[in-house]
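Trainee: Sharing a sequence plus its predicted fold:
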Amino acid sequence: MANEHVDVVIVGAGAGGGVVAKELSAAGLSVVLFERGDWVNYSDHRDDELTSQRGFPLKPFFGPDMQRYRRVAVDRDGTERIVYPNEWAYGNIAACVGSGTVAYGAMAWRFMQEDFTMKSTYGEVEGSSLADWPIGYQDLEPYYEKAEWEIGVSGDDSKNPFAPPRKKPHPMPAFGHNREARILEAGARKAGFHPFSIPMLRNSEPYQGRGQCIHVRNCVGFACRVNAKNGTHNTVIPTALATGNCDLRVNCKVAKILTNSKGRVTGVSYFDEHDQLREQTADIVVLAASATETPRLLLNSASTHHPNGIGNKYDWVGRNLQDHAYTGADGLFAEDIYDDVGPGASVAICDFAHNNPGIVGGAMLANDFIPLPYAFTKVRPPGSARWGRDHKEFQRRNFHRRASIRGPIQEMPNFESRVQVSDEVRDHWGIPVVKLSGYRLDQDMEAAKFIADKAAQWLEAAGAVDIWKSLPGLGVGASQHQAGTCRMGDDPQSSVTNKYGQVHGIDNLYIADGSLHVTNGAFNPVLTIMALGYWVSEHILKEHGPPLPREV
Amino acid sequence: MVSGSAVMSGCSNGLISPYQTLTRREGQLVEILADRIIPPDSRNPGGKDARVPHFIDQQLGKHLSDSLEMYQACLPALNEACKSRHEVIFTELGEQEQILYLTDIEAGVYDSGPERRLWGHFAPSLFFSVLVDHCMMGYYGSPKHGGNKNYASYKMLGLFVEQVPMRPRSS
């Protein structure tokens, strides 16, 4: 039986898609929200480190599954290999209702003003396709505020002298620090830095009918035991469903965007939970499938009108893939600093996010989330024994004495770091899979060295006695912070969408995920993706309805 | 529950194997290796008693099945290759000699030379690094995957399994 035509189809129930579903269904539009995964619960996963989203050597509990999904990774020498969702090179983003927002660390950063104007701030960067965003921080500020209040953020910007201007404070007070973070906070002050409590999409007090955080160690990588971590799965998506206008279809894999003879979008084709190929027509389609899956859909939807894939007339779809080159330092202390109060990450500085002499960009720096016991087996100074008596002794002695400072280096976009679709490899449904290739630029490595030095300096000031730095690799990254593959811009010849996320030349196709990011900030990107969800939604409502014009 | 393959391997050895995927002989070797990689001491159990071999056995038939062929090729090779420098097979070495031999494997000493052919197309040092990683998963991961008996490693690290709700001090 054919599906009833709807106003809007949204592909992907994550950070961006969840927000758009709520905004449009609350405005009275009929919405179908597609999600390839299903609802997930804490009780089905509990404390299982080996399948957590933080590192999943056995399999990723939050998806995608190991049976139906694969990708192709291209090494720097051009060698292609098939990779699976539990491998780093796959570029995993959770496949469940809420996607990454269920199991994330929940840092709720607003990008700084400079993060939107990287080209004007730093000029031409060799080898980079660096550009300014077509919108500025001031444009997005009200939507950051909306995300903070509707989804729920605890924080206090007044302690951060580098915070961008805001009209309204965070809705919940900032979190305090555990023992490690208190020591690090004092160290940061001693070093002349400006420490403050990380804004978090987590309840420091009861908020919107859900309770407050209980500070367990298995937070990042896990669903919350008491539902105090705020994602789209427990805020905007339930609100969307409660309107009665939003039909959430889980376990459905969208295959193609459908277009008519004029090149306009008419809906999507998808495989339902029984692997039956079906169609869902709509007046508007919004892609929020992630910075790897959104370009895949566009490229897999070629037609006579769109021979190189939809929105790809000038070959920008899939280009400029960015992630965050995480860098930093670890330190061991002479005494126990661990008090088992989670999630661990709580103190940050923005002193080195920008304005670093001789460096393009930089990074926010923060203490790391608590590593669980298996993850801690990888935490070692260079040259340490990996096994035997020394291994065991290190675990026992240092699990309670280690701190780590890390930051997301703002990678410079480049045209060759990209998402393509494979000519040969297909997934369970026969759809050509994502092929990832590219590299990081020398400038990223310079920034990484600079930031690692600052992390080490911070640990030293805090009293760490044994400190070692870690630098990122040169390969392209596409992990949970993936971004940039359908950048927004004013010029259709050098971007994929306009500043409202509307694909150039196709008035009824929108994008609302990290693909839009021209640059990916010196911060975790989720709050920006949520803010863009509100921003794009407002434009859809202004331009299209309600009531929506029906195509004749 | 005893699977068909366990019964088969049990018959061929004249004894029932406690393992489902590994043969009794392979399992015994993994037990020794698990104790060299995470040795027992007066304070906390080693790999064997924490059921690391059971984790490996279970997962080689499940999430780590891609590594099964490597184990089947490399376990006998590891046992035999030791003869050329130590004169006896691995299981007949003393504990300290076993540690020295494994240290050499890790360092790549056996990645070339006359014994290399015993290992088939798997480099000895690669197998050892995979084995170490699997032992760590089995010792430190959730008991639901077959290892970390009674959360032995969590106790070793002074961690309560189910944390009591608490709040940090305000800054």
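Mentor: That came through fine. Residues are numbered from 1 along each chain as shown, chains lettered A, B, ... in the order given.
Trainee: Chain neighbours aside, what residue packs nearest to the residue of the stretch 451-552 of chain A found nearest chain B?
Mentor: The nearest approach of the stretch 451-552 of chain A to chain B comes at residue A:462, 15.0 Å away (CB to the nearest CB). C-beta: built from backbone N, CA, C; applies to glycine. Take residue A:462 and drop its neighbours on the chain: the residue closest to it by CB to CB, 6 or more residues apart in numbering or on different chains is residue A:187, 2.6 Å away.
Trainee: all strands of chain B, in order?
Mentor: Counting by DSSP state E, chain B yields no residue ranges for strands.
Trainee: Name the spans of it whose pLDDT lies under the cut-off.
Mentor: The model of chain B has pLDDT under 70 over residues B:1-15, B:163-171.
Trainee: Which helix runs longest in it?
Mentor: Ranked by residue count under DSSP state H, the longest helix found in chain B is helix B:124-140.
Trainee: who does that one touch, helix- and strand-wise?
Mentor: When contacts are defined as 3 or more CB pairs under 8 Å, 6 or more residues apart in numbering or on different chains; DSSP states H and E, helix B:124-140 packs onto helix A:373-376, helix B:24-37, helix B:52-60, helix B:68-81, helix B:95-107, helix B:152-156.
Trainee: residues in contact with the first one?
Mentor: Translated: helix A:373-376. With contacts defined as CB atoms under 8 Å, 6 or more residues apart in numbering or on different chains, helix A:373-376 is touched by A:49-50, A:54-55, A:57, A:395, A:399, A:402, B:136-137, B:140-141, B:153-154, B:157, B:159.
Trainee: at 6 Å instead, please
Mentor: By CB atoms under 6 Å, 6 or more residues apart in numbering or on different chains, the list of residues contacting helix A:373-376 from outside reads A:49, A:55, A:399, B:136, B:137, B:140, B:141, B:153, B:157.
Trainee: Closest one to residue A:218 out of the residues you listed, please.
Mentor: Each of the contacts of helix A:373-376 was scored against residue A:218 by CB to CB, and residue A:49 proved nearest at 7.4 Å.
Trainee: measure the closest one to residue A:362 for me?
Mentor: Counting by CB to CB, to the nearest Å, the separation of residue A:49 from residue A:362 is 32 Å.
Trainee: If we look just around chain B, which residues of the stretch 1-150 of chain A are in range?
Mentor: Residues of the stretch 1-150 of chain A lying near chain B by CB under 6 Å from any CB of the partner chain: A:47, A:48, A:49, A:50, A:57, A:58, A:59.
Trainee: out of the residues you listed, which is most surrounded?
Mentor: Top of the residues of the stretch 1-150 of chain A next to chain B by neighbour number is residue A:50, holding 26 neighbours under the definition other CB atoms under 10 Å in any protein chain shown.
Trainee: For residue B:149, give me its contacts.
Mentor: By CB under 6 Å, 6+ apart, the residues touching residue B:149 are B:50, B:51.
Trainee: average pLDDT across the helix or strand residue A:423 falls within?
Mentor: In this assignment (DSSP states H and E), residue A:423 forms part of strand A:418-426. Averaged over strand A:418-426, pLDDT sits at 98.
Trainee: cool, stretch A:138-157 as well?
Mentor: Stretch A:138-157 comes out at a mean pLDDT of 98.
Trainee: repeat for stretch A:63-72
Mentor: In this model, stretch A:63-72 has an average pLDDT of 97.
Trainee: How far does it sit from its chain's centre?
Mentor: Here stretch A:63-72 is found 19 Å from its chain centre; the criterion is CA atoms, centre = their mean, to the nearest Å.
Trainee: List the contacts of the nearest residue to residue A:152 once chain neighbours are set aside.
Mentor: Closest residue in space to residue A:152, ignoring its immediate chain neighbours: residue A:230 at 4.1 Å, by CB to CB, 6+ apart. Going by CB under 6 Å, 6+ apart, residue A:230 touches A:151, A:152, A:201.
Trainee: give me phi/psi at the last one?
Mentor: With angles defined as degrees, to the nearest 10, residue A:201 sits at phi -80, psi 60.
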